[in-house]
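**Q** Predicted model and sequence below, questions to follow.
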Amino acid sequence: MLKNISLKEKRLNFSALLVLLVVILGALVIVSLCMGRFPISIPEVIQVLAASIFPLPQVGDANVESVVLTLRFPRVVAAILVGGSLALSGAVYQGVFQNPLVSPDLLGVSSGACVGAAIAILIGIGTFGIQIGAFAGGILAVALTTTAPKLIKNSSNMMLVMSGIIVGGLMSSIMGIIKYIADPETELAEITYWQMGSIAKVLPKSILMVAPAMIVAIVIIMVLRWKINVLSLGETEARSLGINVKTTRRIVIICATLLTASSVCISGTIGWVGLVVPHLGRLMVGPNNMKLLPVSFVLGGIFLLIIDTIARTITSAELPLSILTGLIGAPFYFYLLKKERMNLS
Amino acid sequence: MKKRVLLVICICLIMCIVMAGCGNQTKESESKTVEKLTSVVDQGGNEVQLPETITKVAITPIPWASAMWTIDGGSERIVSINPSAMAQYKASFMPTLDPDFATISTAEITKDFAINVEALMNLKPEIAFIWNDQTAEAEQLKAVGITPVMLNYAENLEDLKKDLLLVGQVLGKEEVAEKLTDYHTEVENYFVDKKAKLDTVTKKKVLYLQNSKLSVAGAKNINNYLLELTGGTNVASGLDKKWSEVNMEQILEWNPEIIYLSNFDETMPEDLYQNKIEGQDWSNINAVKNHRVYKTPVGILRYDAPCVETPLMLKWMGSIQQPELFKDYDIRKDLKAFYKEFFSYDLTDENIDTILKVDANS
Amino acid sequence: MKLEITELGFSYPNGKQIFGNVSFDVEKGDVFSILGPNGAGKSTLLNCISNLNEPTQGAIFLDNEKIQELSLKIFAQKISYVPQIHKPTYAFTVEEFVAMGRTPYMRTFRKLNNTDDYIIGQAMDQVRITHLRKKPYTQISGGERQLVTIARAIAQEPDFILLDEPTAHLDFGNQIKTMKLIKNLAEKGYGIIMTTHNPDQVFFVGGRVGILNKKGQFEMGEANEYLSEDRLGYIYSEPVHIFYSHALKRNVCTSGC
């Protein structure tokens, strides 16, 4: 009986936790909107926000309004969407591949999407084309990564990770070729932007372009999260429980890849979020995807929002996000591995 | 369809401006007052509404810090530039002309042209010059009331002049810009006119070396155009890029008669003469055997990039490649005149030696 | 409710036949054991019946309907499958794991309701693991894990439960516990098909037995009549001793030397 209680306390009450996380996220949004190199007081930010929702007079200084609404707000939204999506797709990949070691970056999906986006930039086919290119590249990468273990007839966790490393390496070589071909004065800067990861340039319209695809993918994943649980038991068991494994798996992987590719479109490749955040989520609510997926999304949003706020305020120049996610993510992942004492066989 | 409409609008606008410019010129002779332009079409094809007064300007492209300084006649209005532009300033002759330029802020723009818009706002510039591929930054700047003006990375003198004139129009310094572009046209025409004569002489085989990693100027590099106009042939013109890395064997095969060393790194003619670069053997190259390796000049900016002093680069190359053919000008005299005219500065002989790197090139 | 296996055969794509001509039927409340030495293809046969592998000859009918023609969902509502125990990847709690037995009844937007919770609770009670319900599935013993998997199968509310070597990897005590549970399930009306390599377990659970030898031939009969010392000795190529225990009131099978 005692044991029961202690376990219950360990895994917090799910709804309460989710509400708490959303409240924290909301508070961070306000804090982030108040921070920046251009000095704006907290009451002014609140006035701007209030005036944009209710029919109230706007702040006198037009610059204050545009800094909050056109510079900071899109970045806050982008950070939450990208962070949430990367964390969610990481959790989904870890579920369907029954492998807690994979993530969008380790499977090569991020770099594949990056290559796709870069090719689209080279051909010069506009924002929508870049989105399609990123998605195609991501799907190709995940297909390659999952095919290799089948060809070698070894389906261990390590083999999938190795295969991801192979595909990631291949993709970065292709990236090298593209950078070599690219015009160093114009296209190269844009392509480098994809690789470094930043949401400094994000515009409301580019979020609006990508958001519908993201939301559709998120909704489908949330609807299928029970099935993702069952898939995480393995192919045979999932089938014996009445799941059409191939179709369901395909849909889920496509949605997760769509999320990663859409994030790449907004921000370029940002490492670590998709690997670390799902582990943190599992530590809080356990592996049940019914709880883990919503929690991962919110945690991912919180994580990247904090990172991006640091990136744009710590110096007057912009810091690439991957530097910060790596600096925070890598040691944190080490801590998690130690704490979970994960069985990696 | 949309693009075509846009193009028609652009052409109309350009025509209007050209006509307005012509109109202004005729007016100028009558009365010296030039009407201030209220809008221009920039090199991104956008019609830009100009602010009434421009007191502060930010510049992300590297070469355009010195170009704006030239056209505006000083650095008072420049508030923020690319850190790379500041590094180049320090390596150039400009500190002698304007030591105050060193105090311009470089914290708001990164080397890869990213702008921290909020940080820039604190400096309150009315205008920001940016490259024409920085469309996202343009929208952000517009949103906070900073007018973006797009420039184009010129691959030839025609595009370069368009950029220079645009800067002049925006700053209300059309006169200076026109005087400068007139000089560009005049010098280019001088060489174009000599084309027939050039065809009668053997052209010199030239290699334009960017750095000791053996990156060379290919067909898309402006220097390819400049050195071919002045009686050379680019041995690397088969490479369809601005810069490409090649290997030593390829250079041996080309066996150039003249080698230019850019100011992108510190490699000096002496390094080649004495074969100091590890893993490379220059001793059998004609240019090295005949002591014909030259470090390119650095004026207010390195001459390797298309900018204000590009006509002087033409004259310098001409005097090296075909001194017989181009003996009707004196590069030192013309340099002196250019500095007097545009920077109001009397160059001493030592100054000229510094700019032309006479020590390294003798 | 009747599960009918008719002239079933399975060969690899390279033509190598694993077994052929397997025919038998099972009704609710029956126990059918599949006995055979290692590598005889017991698991492949069970996988065919569980609709996990497609047989190359013959067919399986559930109440006169070919099982391939049933949707996976309907099939899972009638027949549940208990795999050999394995090390799971994620630390689901026992309760969450058993709840996954409700998958065949889930629809897109439906969450677990009170009925589901009741069935899950009943399933855990039936195999006596309720005290483990909040424990991570990764941190319980192998025997407990086998019980949990059986509870999940019960939560599927099936007519038939198929078990693949349910006592493999279990210690002696847990083997007995599991066999008792299986016998109990049959008494409660579930049709049971299980594979095993231990003839004594067949005597323990009773019912019929099918023997798959290494040549892929299949024979069957009532356990007590059909399993003789000669037959088993032939299959395993080692002497086997069978005797009737008055204390246990059943046949017992041990090694013959």
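**A** Now that the structure is in, tell me what you want to look at.

**Q** who touches C:Phe32 in this structure?
**A** C:24, C:26, C:191-194, C:207-210 (C-beta atoms under 8 Å, 6 or more residues apart in numbering or on different chains). The C-beta positions use only the backbone N, C-alpha and C, and glycine is treated the same way.

**Q** Tell me the one among the residues you listed nearest to C:Asp171.
**A** Using C-beta to C-beta, C:Met194 is the member of the contacts of C:Phe32 that sits closest to C:Asp171, with 18.6 Å.

**Q** Format the contacts of C:Phe32 as JSON lines; extra columns: distance to chain B.
**A** Shown next, in JSON lines, are the contacts of C:Phe32 (distance: C-beta to the nearest C-beta, whole Å):
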{"residue": "C:Phe24", "distance to chain B": "71"}
{"residue": "C:Val26", "distance to chain B": "68"}
{"residue": "C:Gly191", "distance to chain B": "66"}
{"residue": "C:Ile192", "distance to chain B": "66"}
{"residue": "C:Ile193", "distance to chain B": "65"}
{"residue": "C:Met194", "distance to chain B": "65"}
{"residue": "C:Gly207", "distance to chain B": "74"}
{"residue": "C:Arg208", "distance to chain B": "75"}
{"residue": "C:Val209", "distance to chain B": "74"}
{"residue": "C:Gly210", "distance to chain B": "71"}
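
**Q** C:Val26 belongs to a strand, doesn't it?
**A** Yes - assessed with DSSP: H, G, I helix; E, B strand; the rest coil, C:Val26 lies in a strand.

**Q** Test my guess that it contacts C:Ile34.
**A** No - C:Val26 is beyond contact range of C:Ile34, at 11.0 Å (criterion: C-beta atoms under 8 Å).

**Q** which neighbours do the two share?
**A** Common neighbours of C:Val26 and C:Ile34 (C-beta under 8 Å, 6+ apart) are C:Ile193.

**Q** what about chain B, any weak spots by pLDDT?
**A** B:1-36 (pLDDT under 70).

**Q** wait, isn't A:Thr70 in contact with B:Val144?
**A** Yes - the criterion here is C-beta under 8 Å, and A:Thr70 meets it with B:Val144 at 7.1 Å.

**Q** Which of C:Val26 and C:Ile34 has more residues huddled nearby?
**A** C:Ile34 (28 against 22; other C-beta atoms under 10 Å in any protein chain shown).

**Q** after the strand or helix carrying that one, next one along is what?
**A** Assigned by DSSP states H and E, C:Ile34 belongs to strand C:31-35. Per DSSP H and E, the first helix or strand lying C-terminal to strand C:31-35 is helix C:42-49.

**Q** What helices and strands are in contact with that next one?
**A** Here helix C:42-49 touches strand C:2-11, strand C:17-27, strand C:31-35, strand C:191-196, going by 3 or more C-beta pairs under 8 Å, 6 or more residues apart in numbering or on different chains; DSSP states H and E.

**Q** If the residue nearest the centre of chain C is in a bridge, with which residues?
**A** Compute the mean C-alpha point of chain C, and by C-alpha atoms, centre = their mean the closest residue is C:Leu163, 1.7 Å away. Under DSSP bridges, the beta-bridge partners of C:Leu163 are C:Val82, C:Met194.

**Q** now it: how far from chain B?
**A** From C:Leu163 across to chain B, the span is 61 Å (C-beta to the nearest C-beta, to the nearest Å).

**Q** May I have the residues that are in contact with that residue?
**A** So C:Leu163 contacts C:82, C:150, C:182, C:192-195 (C-beta under 8 Å, 6+ apart).

**Q** C-alpha coordinates for the helix or strand where B:Lys315 lies, PDB please?
**A** Counting by DSSP H and E, the element that carries B:Lys315 is helix B:310-321. The C-alpha coordinates for helix B:310-321 follow below in PDB (Å, rounded to 0.1, in the frame of the first residue of the first chain):
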ATOM      1  CA  THR B 310      37.300  49.700 -59.500                       C
ATOM      2  CA  PRO B 311      38.300  52.000 -62.400                       C
ATOM      3  CA  LEU B 312      41.700  52.400 -60.700                       C
ATOM      4  CA  MET B 313      42.000  48.600 -60.600                       C
ATOM      5  CA  LEU B 314      41.400  48.600 -64.400                       C
ATOM      6  CA  LYS B 315      44.200  51.200 -64.900                       C
ATOM      7  CA  TRP B 316      46.500  49.300 -62.500                       C
ATOM      8  CA  MET B 317      46.000  46.000 -64.300                       C
ATOM      9  CA  GLY B 318      46.400  47.700 -67.700                       C
ATOM     10  CA  SER B 319      49.700  49.100 -66.700                       C
ATOM     11  CA  ILE B 320      51.000  45.700 -65.600                       C
ATOM     12  CA  GLN B 321      49.600  43.600 -68.400                       C
END
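
**Q** got the contact list for that helix?
**A** B:157, B:160, B:183-184, B:186-188, B:191, B:203-204, B:206, B:222-223, B:226-227, B:229-232, B:258, B:260, B:294, B:296-297, B:299, B:303, B:325-326, B:329, B:331, B:334-335, B:338, B:356.

**Q** Quick check: which helices or strands does the lowest-mean-pLDDT helix or strand in chain C pack against?
**A** Every helix and strand of chain C was ranked by mean pLDDT, DSSP states H and E. The lowest is helix C:229-236, at a mean of 88. Here helix C:229-236 touches strand C:240-245, going by 3+ C-beta pairs under 8 Å, 6+ apart.

**Q** Flag every buried residue along the strand it packs on.
**A** C:240, C:242 (16 or more other C-beta atoms under 10 Å in any protein chain shown).

**Q** for it, the distance to its chain's centre please.
**A** On the basis of C-alpha atoms, centre = their mean, to the nearest Å, strand C:240-245 sits 25 Å off its chain's mean C-alpha point.

**Q** ok, now stretch A:170-187?
**A** Worked out by C-alpha atoms, centre = their mean, stretch A:170-187 lies 24 Å from the chain centre.

**Q** hmm, back to that, out of the helices and strands packed on helix C:42-49, indicate the one that is most buried.
**A** Highest mean neighbour count among those (mean count of other C-beta atoms under 10 Å in any protein chain shown): strand C:31-35, with a mean of 26.
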